[in-house]
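In: below is the sequence, then the predicted model.
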Amino acid sequence: MIDQRIYEMFREIGQSLYTHTMISSHGGNLSIRLGDRVVIKRRGAMLGCLKPHDLIETRLDKNDSGVALASTELLVHRTVYLNTPALAICHCHPRTAIAYSLSRDEIVPIDNEASYLLKKVPVIYEEFASGTPQMANKVAEVLKNYKCIMLRGHGSFSTGQTLDEAFFWSSTLEEACQIMLFTKQVGEPFIEYRKNSENYGKF
Amino acid sequence: MNGWNGRILEIDLTTQTHKSYPLDMEMAKQFIGGRGLGVRLLWDMVGPEVDPLSPENVLIFTNGPLTATGYQTSNRFSVSTKSPLTGTVLDANSGGYWGMQFKKTGFDVLIVRGKAQKPIWIEIKNSEITFHDASELWGMRVFELTEKLGQDNNKRNVLCIGPAGENLSRLAAIMNDRERAMARGGPGAVMGSKNLKAIVVEGTERPEIMDQERFKFLLYETRKLLAASPLTSQALPEFGTIMLMNIMNNVGALATRNHQQTQFEGAEAISGETLSETYLVKNAACWACPIGCTRISKTEKVEGEGPEFESAWAFGAQCGIDDLAAIIEANSLCNDLGLDTISAGSTIACAMELSEKGYLDSDLRFGQADALARCVEDMAYRRDLGAELTEGSLRLATKYGHPELSMTAKGMEMPAYDPRGLQGQGLLYATSNRGGCHMRGNMIGLEVLGLPKLIDRFQVQGKSSFVILNQNSNAAIDSLVVCKFTNMGVADEYFARILGAVTGVQYDTGDLVKTGERVWNLERLYNNREGFTSKDDSLPPRLLTEAPTDGPSKGWVSQLEPMLKEYYRSRGWDQNGVPTPKKLAELGLENLVDPSRTLEKIA
């Protein structure tokens, strides 16, 4: 039985993802790690209006009947938990960040907050994107060193101790990408204001 | 060699000889330094047959690969030993200057064995080791001794014990740089049992850094993050750790009168805000620290460092005392006599409750500010009731037939945070390897301060995951060794990167936390070997059965049992709290367990 407090946390973050247009009606997923178990969104459920029965609890290290109901991205979530200290994962589809991921191998923000917090966000790619072991391993490997990463043309994966924190990293990324886009639209020369910013790409 | 010096200094006090030998670098990569390296060495050297106050116990002083590099707060060092208070594995760490200076002597580790026939002190000037007669210094208090031995912050640093350590108080601290303390668990008594009064260090070697350019970049970025965090750039510099007094009181988690209540009506009078307006002279900082949380306070009787939040709480709310001057003076006396303020204050509070309830024949009562200084003095010199207080609250309460009135976990007095209003903190106390301690994992960050984000402090399900991650992360930070306050502005990923830049050994965040997990499990194995079992992962009955009758934590007791069950499973331990062979293999610890002994026998 999943604690009411945990459900409310999922519901609030899920709703925020939808209202901030970080997902489509049925896109994205959220999970938390409870020791040797994972609580993850049900496959096909709408993150924007989760019900208590939309949360599935399943084992971390092997399958049980929960996998029949869990999100298709369960494998990625499990692999990340097994290879990093993450306790929460947010996967969403931030539109501006997706647009930028189509043309570069890393996103280096230019705004102040994301420069502080993210430095850079790697963009990764696999032929078979969603839910495959190859992609799961690649995502987990890169998330060992970064809080937030982009899957080219697909979306972001971010981790934290809480869902709140994981959402924060993806949200920060999307905001950074929007600012990059607006800056391009403004079209005026960029004035560098960050000391050592040339090192962000090597972070 | 980058980061590490690669050398261990071992001193035998019985024979007054010393030797140095290379640090096992594979061991160093696995355990990093500080607390991690300390417990790994202790595991081999001090078994269950050793009495903590016998010559066979050892003191292992360790620094880490970041120490003295100039990275923010890279001043800290650690001591590992078997605790005379709890009988568990013990590490205590301290800031100031001594750790930095010790690293500059060219050693990573100092192991002190045996027992001198008469009091001595040791001087280490790079590789030159000198034993000095300390007969005339025996009995001297910490402040006078520190000055006499030539304390000079950036050049020559003094570590010593006061009368409490000499008199084998189980609450005795090892002091350094006058008023910094390695206090918890009684390491000062171990030093006293060896007739070792002081260790003075002078060094001129600077640790080498593998990637200077990357180091400087990360140093700069860390400075920016610490400056951007209101905790590290405003709250701690302005108010010090005592800023927590009003915060904890407001959430109903400030243990009061020996944990009989969770809010103290006199909290405001002993808060950081009041201290700033009354007795605060200035703030100060340890070496290479941009935060500067140290308070320098002055009353009519004393002037010096402190009080920290825990000290102000122990002599304040826990004893029902709202006289800030009396608290500052008791804190200063503890520093001068070499006593742990948390255990001293909480043991006095226990005696107050025993007395009020008629179990102990003494005039001690809650709220008696004038009793503090007398009790502290008597504890250090083992005079009158002080001879019993100085054994700690569990031995005291047990002697008078009421062990349930000792607010301890594994025999160590718990700090200020009442676990009834902080479920995760309760689990943290119960499972802490050195006993009731708030420095083994920072649940206050998550449950109160919102670091990195606020979680529900009353939530039970899933709490063990947060506790475990924080315990592992803290064990890693204690092994680097840096100050945990940096973690309020800088995430673990920065520590991993800076460690890589300094040593050339690449760690990712997961590696770093895994190192912490390795340290935690080895400490657990150590305690299992000493005879500790799951029964010792507990809290005083009061916290499990007596709910506060008012305030924000009204109606709550610690829900320890379900959290503990989840904790063992999540740790990969069996139901008896013993690490499984699978977990040990995962952490590379399987070879440390004697093949002739099964894990069940260890438990």
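Out: That came through, no problem. Just so we're clear, the structure is a prediction, and the values are computed from it rather than from any experiment. Residues are numbered from 1 along each chain as shown, chains lettered A, B, ... in the order given.

In: going forward, measure contacts and count neighbours with C-alpha atoms only.
Out: Will do.

In: the helices in chain A, which residues?
Out: Counting by DSSP state H, chain A has helices at residues A:4-19, A:74-83, A:95-101, A:112-117, A:133-143, A:163-186.

In: of all those, which one is nearest B:Gln471?
Out: helix A:74-83 (17.2 Å; C-alpha to C-alpha).

In: so which elements touch the closest one?
Out: The contact analysis (3 or more C-alpha pairs under 8 Å, 6 or more residues apart in numbering or on different chains; DSSP states H and E) places helix A:74-83 against helix A:133-143.

In: include mean neighbour count and mean pLDDT when you put the helices of chain A into JSON lines, please.
Out: Output for these, formatted as JSON lines (neighbours: other C-alpha atoms under 10 Å in any protein chain shown; pLDDT from 0 to 100):
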{"stretch": "helix A:4-19", "mean neighbour count": "19", "mean pLDDT": "96"}
{"stretch": "helix A:74-83", "mean neighbour count": "23", "mean pLDDT": "95"}
{"stretch": "helix A:95-101", "mean neighbour count": "21", "mean pLDDT": "98"}
{"stretch": "helix A:112-117", "mean neighbour count": "17", "mean pLDDT": "93"}
{"stretch": "helix A:133-143", "mean neighbour count": "19", "mean pLDDT": "93"}
{"stretch": "helix A:163-186", "mean neighbour count": "20", "mean pLDDT": "98"}
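
In: can you list those helices in CSV and add distance to B:Gly95?
Out: Below are these laid out as CSV (distance: least, C-alpha to C-alpha, whole Å):
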stretch, distance to B:Gly95
helix A:4-19, 39
helix A:74-83, 33
helix A:95-101, 43
helix A:112-117, 28
helix A:133-143, 33
helix A:163-186, 31
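
In: now do the spatially most central residue of chain A, the pLDDT please.
Out: For chain A, A:Phe157 is the residue whose C-alpha lies nearest the centre (C-alpha atoms, centre = their mean; 2.5 Å). Model confidence at A:Phe157, given as pLDDT, is 97.

In: bridging residues for it?
Out: Beta-bridge partners of A:Phe157, counted by DSSP bridges, are A:His91, A:Ile149.

In: that one and chain B: what is the separation?
Out: Distance, A:Phe157 to chain B, by C-alpha to the nearest C-alpha, to the nearest Å: 17 Å.

In: how far does stretch B:578-589 stretch from start to finish?
Out: End-to-end distance for stretch B:578-589: 13 Å, by C-alpha to C-alpha, to the nearest Å.

In: next one: that stretch to chain centre, how far?
Out: Relative to its chain's centre, stretch B:578-589 lies at 26 Å (C-alpha atoms, centre = their mean, to the nearest Å).

In: cool, stretch B:447-467 as well?
Out: Remark: stretch B:447-467 is offset 22 Å from the chain centroid, using C-alpha atoms, centre = their mean.

In: near chain A, anything from that stretch?
Out: Yes - on the criterion C-alpha under 8 Å from any C-alpha of the partner chain, stretch B:447-467 is in touch with chain A at B:452-453, B:455-456, B:459, B:461-466.

In: can you add pLDDT and give the residues you listed back as TSV?
Out: Shown next, in TSV, are the residues of stretch B:447-467 next to chain A (pLDDT from 0 to 100):
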residue	pLDDT
B:Pro452	89
B:Lys453	89
B:Ile455	94
B:Asp456	94
B:Gln459	93
B:Gln461	93
B:Gly462	92
B:Lys463	95
B:Ser464	96
B:Ser465	95
B:Phe466	96
